[in-house]
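**Student:** For reference, the sequence and a predicted model appear below.
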Amino acid sequence: MDLKTKRTNSTDKDFIELVKELDAFLTIKNGESDAFFSQFNGLEQLECVIVIYSEEKPIGCGALKQYNEDTVEIKRMYVSREHQGKSLGIHILNALETWASELGNTRCILETGTMLPEAIRFYEKNNYQRIPNYDQYVGVAQSVCFEKLL
C-alpha cells in the first residue's frame with residue numbers, strides 16, 4: 001500500500017471528516033458514557049495533526065495536544081473501518097511520536113476506554129505503559145490511561 005503522510009492542524013478538511021467517522025464509531029462504543037467522553041475531544045488546540053492517505057484518499061489520522069512543557073497527549077487516533085487491521089495505526093503513532101520528539105517532548109500520554117479492548121492492546125504492543133488516570137479521567141472506571149517515554 002502506497003501511503004502519503006501529511007502534517008497539518010485541526011482545520012484540515014480531511015482530518016475533520018475522519019474525526020466525524022471516529023465520533024460516530026465512539027458514540028456506539030461508548031454508549032451511555034458518550035456525552036462524558038466527547039466533551040474532551042474538541043478540535044481546538046490541535047496544532048499537530050497527522051493524516052495518512054492511500055491513493056489520495058484520507059484513511060487515518062491522529063493528533064498531539066501539548067499537555068505540559070515536555071509531554072504531549074495523543075488524541076483522535078483513527079483508521080477508517082475498511083483499512084483497519086493493516087498496521088496503519090502504527091504508522092500514525094510513529095509519525096506522532098517523531099513529531100513530538102522534534103518539538104522537544106520526552107513523554108506521550110493518552111486515554112482510551114475499556115470499551116475499546118483493541119485500542120488497549122494496540123498501545124500495550126507499542127510500548128505504552130498503564131498509568132494512573134489523570135485529570136478528568138481520575139475515578140472514571142471506563143478510562144484507561146497510558147504513557148510512553150520518548
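**Tutor:** Sure thing, it's come through.
**Student:** Quick one: the strands in the chain, in order.
**Tutor:** Secondary structure of the chain (DSSP state E): strands located at 3-8, 48-54, 57-68, 71-79, 107-113, 129-131, 143-149.
**Student:** Looking at the residue lying closest to L18 once chain neighbours are set aside now. What's its pLDDT?
**Tutor:** Distance criterion Cβ to Cβ, 6 or more residues apart in numbering; nearest residue to L18, sequence neighbours excluded, is C61 at 4.4 Å. Bear in mind the C-beta positions are built from the backbone N, C-alpha and C, glycine included. C61 is assigned 97 on the pLDDT scale.
**Student:** surely C61 meets Y78?
**Tutor:** Yes: using Cβ atoms under 8 Å, C61 is in contact with Y78, at 5.5 Å.
**Student:** what is in contact with these two at once?
**Tutor:** 18-19, 22 (Cβ atoms under 8 Å, 6 or more residues apart in numbering).
**Student:** A141 and N133 touch, don't they?
**Tutor:** No: distance between A141 and N133: 9.4 Å, which falls outside the contact criterion (Cβ under 8 Å).
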